[in-house]
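Engineer: Next come a sequence and a model predicted from it.
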Amino acid sequence: MIYRLQPTDFNAILTVVNDAAQAYKGVIPEDRWREPYMPAHELEAEILSGVEFYGWKEGDVLIAVMGIQLVNDVTLIRHAYVQTAHQRKGIGEKLLKHLIGLARTPTVLVGTWEAAYWAVHFYEKHGFTLVPTEEKNRLLKKYWNIPERQIETSVVLKLAEK
């Protein structure tokens, strides 16, 4: 089942993100990797900036998370993670479709690491297309709050307008 996550789910969100993000270790630029991948203060800042998290629970255990954020005139899909032991079972797809259904703008964007080919492929499989580099740079600077190095090593995908 998909749930809108609550403040009481904070530690469970961190657990899912930091477990699933292990896939990036040795793949994304070494200078962008850290342990934990997402510290608590960063998750707190994301929530305060308007990211609403939804999750997939099996029993009482959160096993997948995905965020959605309205920024000006676009909807961003943020922080999509499925625990390693539960990947490739369609859970990410169900969460993504749910969040796309919640989008309140015609434009839906997602950013991810360029080297995370599996993530890029996942979004392409679900109707997103890569934007050209110049447009990617403009979008990342306008809608995300990330360092220049992350902009250099990321991609943006856009869903065909609803």
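Structural biologist: That came through, no problem.
Engineer: what does the model give the residue of the chain positioned farthest from its centre for pLDDT?
Structural biologist: Computed with Cα atoms, centre = their mean, the residue of the chain farthest from its C-alpha average is residue 59, at 23.3 Å. pLDDT, residue 59: 90.
Engineer: mind listing what it touches?
Structural biologist: By Cβ atoms under 8 Å, 6 or more residues apart in numbering, no residues touch residue 59. In this view, the C-beta of every residue, glycine as well, is placed from N, C-alpha and C.
Engineer: ok, it to residue 1 distance?
Structural biologist: 10 Å (Cβ to Cβ, to the nearest Å).
Engineer: And the residue farthest from the centre of the chain, how close does it get to residue 88?
Structural biologist: From residue 59 to residue 88 the distance is 20 Å (Cβ to Cβ).
Engineer: Same check on residue 58?
Structural biologist: Per Cβ to Cβ, residue 58 is found 15 Å from residue 88.
Engineer: Neighbour count for the two, which is higher?
Structural biologist: When neighbours are counted by other Cβ atoms under 10 Å, residue 58 and residue 88 differ, and residue 58 comes out ahead with 12 against 8.
Engineer: which residue packs closest to the more buried one, ignoring adjacent ones?
Structural biologist: residue 86 (7.7 Å; Cβ to Cβ, 6 or more residues apart in numbering).
Engineer: tell me, how many neighbours does that neighbour end up with?
Structural biologist: Neighbours of residue 86 under the rule other Cβ under 10 Å: 18.
Engineer: now swap in residue 90 and tell me
Structural biologist: Per other Cβ under 10 Å, the neighbour tally for residue 90 reads 11.
Engineer: Read off the pLDDT value for it.
Structural biologist: 96.
Engineer: residues in contact with the closest residue to residue 4 other than its chain neighbours?
Structural biologist: Once flanking residues are discounted, residue 4 sits nearest to residue 54: 5.7 Å by Cβ to Cβ, 6+ apart. Shown in contact with residue 54 (Cβ under 8 Å, 6+ apart): 2-5, 65-68, 95, 98-99.
Engineer: Any of these buried? List them.
Structural biologist: Taking 16 or more other Cβ atoms under 10 Å as the criterion, what is buried in the contacts of residue 54 is 2, 5, 65-68, 95, 99.
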